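S.K.: here is my input, please return the structure:
(2 chains)
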Amino acid sequence: KAGVTQTPRYLIKTRGQQVTLSCSPISGHRSVSWYQQTPGQGLQFLFEYFSETQRNKGNFPGRFSGRQFSNSRSEMNVSTLELGDSALYLCASSFWGNSYNEQFFGPGTRLTVL
Amino acid sequence: SQQGEEDPQALSIQEGENATMNCSYKTSINNLQWYRQNSGRGLVHLILIRSNEREKHSGRLRVTLDTSKKSSSLLITASRAADTASYFCATDASGSGGSNYKLTFGKGTLLTVNP
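M.R.: Numbering: from 1, shown residues only, chains lettered A, B, ... in the order given. Model (predicted):
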């Protein structure tokens, strides 16, 4: 079974631009979560989607948004990029997205904001 | 704020030795998961231990959970150079079987296994 895939793997943007990242979960998984990883803050939860609905959201500004499609694929968007948005963005999927399921992570998208 | 705190922050051992990493957390949890990350890449899932379990094994990995002390440990036996990575514990505190799945991570332990 193929793992979680994320595209693109690397991205360079300038301040003020917007960016869209894509995540394809493991086949059959319906829950997709997004995390931001930076050296200073570590791994932080952004949001989680299940059946096209956002069920949980972390403490990030409204510039960070996401959505999930009917095939469970998910995208996250960051508008008006800031230098501090430079990070590794990780997507994770799980079957039901509850406490009984493991979360499996993709390879991440490395975003650099100049 | 981080729910989990790994200890030590860095660990350097020789190939063949055992490596033990600890994780402490603050609130009641449903489960605790350990992940490995190689140099800025994605997280690899190692093991999940539920709150009603005390010990779990997977290959060379042994995980223990002490909910009374709110702590967990990850033991890697007979370490190899390929085990060099950062190791994270992640807790889920979303309520019993909760549908709001949100993992909280510690800052990780950087393990270096010298050949």
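S.K.: who is the residue nearest to residue A:7 when sequence neighbours are not counted paired with across the strands?
M.R.: Of all residues not flanking residue A:7 in the chain, residue A:22 sits nearest, at 4.9 Å (CB to CB, 6 or more residues apart in numbering or on different chains). Backbone N, C-alpha and C define where each C-beta goes, glycine included. Taking DSSP bridges as the rule, residue A:22 bridges to residue A:7, residue A:75.
S.K.: what's the neighbour count on residue A:22?
M.R.: 14 (other CB atoms under 10 Å in any protein chain shown).
S.K.: ok, now residue A:3?
M.R.: Other residues close to residue A:3 by other CB under 10 Å number 16.
S.K.: these two touch, right, it and residue A:26?
M.R.: Yes. Residue A:3 lies in contact with residue A:26 (CB atoms under 8 Å); the separation is 6.3 Å.
S.K.: now the closest residue to residue A:29 other than its chain neighbours, what are its backbone angles?
M.R.: Spatially, and ignoring its direct neighbours in sequence, residue A:29 is nearest to residue A:93 (3.9 Å; CB to CB, 6+ apart). Reported as degrees, to the nearest 10, the phi and psi values for residue A:93 are phi -130, psi 150.
S.K.: if we can go back for a sec, joint contacts of residue A:3 and residue A:26?
M.R.: The contact sets of residue A:3 and residue A:26 overlap at residue A:104 (CB atoms under 8 Å, 6 or more residues apart in numbering or on different chains).
S.K.: show me what contacts the closest residue to residue B:19 other than its chain neighbours?
M.R.: Once flanking residues are discounted, residue B:19 sits nearest to residue B:76: 4.5 Å by CB to CB, 6+ apart. Residue B:76 is in contact with B:18-20, B:60-61, B:83, B:111, counting by CB under 8 Å, 6+ apart.
S.K.: swap the cut-off to 10 Å and go again
M.R.: B:13, B:17-21, B:36, B:46, B:59-62, B:83, B:87, B:111, B:113 (CB atoms under 10 Å, 6 or more residues apart in numbering or on different chains).
S.K.: so which of those are in strands?
M.R.: When DSSP state E is applied, the contacts of residue B:76 are split such that B:13, B:19-21, B:36, B:46, B:61-62, B:87, B:111, B:113 fall in strands.
S.K.: can you name the two of those that are farthest apart?
M.R.: Largest separation among the ones in strands among the contacts of residue B:76 by CB to CB: B:13 and B:46, giving 17.6 Å.
S.K.: so where's chain A uncertain?
M.R.: In the predicted model, chain A carries pLDDT under 70 at residues A:1, A:99.
S.K.: so which residue is dead centre in it?
M.R.: By CA atoms, centre = their mean, chain A has its centre lying nearest to residue A:34, at 3.1 Å.
S.K.: my guess is it contacts residue A:66. True?
M.R.: Yes. At 6.1 Å, residue A:34 counts as touching residue A:66 under the criterion of CB atoms under 10 Å.
S.K.: which residues do those two both contact?
M.R.: A:21, A:23, A:46-49, A:74-76, A:91.
S.K.: quick one: which of those is nearest to residue A:98?
M.R.: residue A:48 (10.7 Å).
S.K.: quick one: what helix or strand has that closest one in it?
M.R.: Using DSSP states H and E, residue A:48 maps to strand A:42-50.
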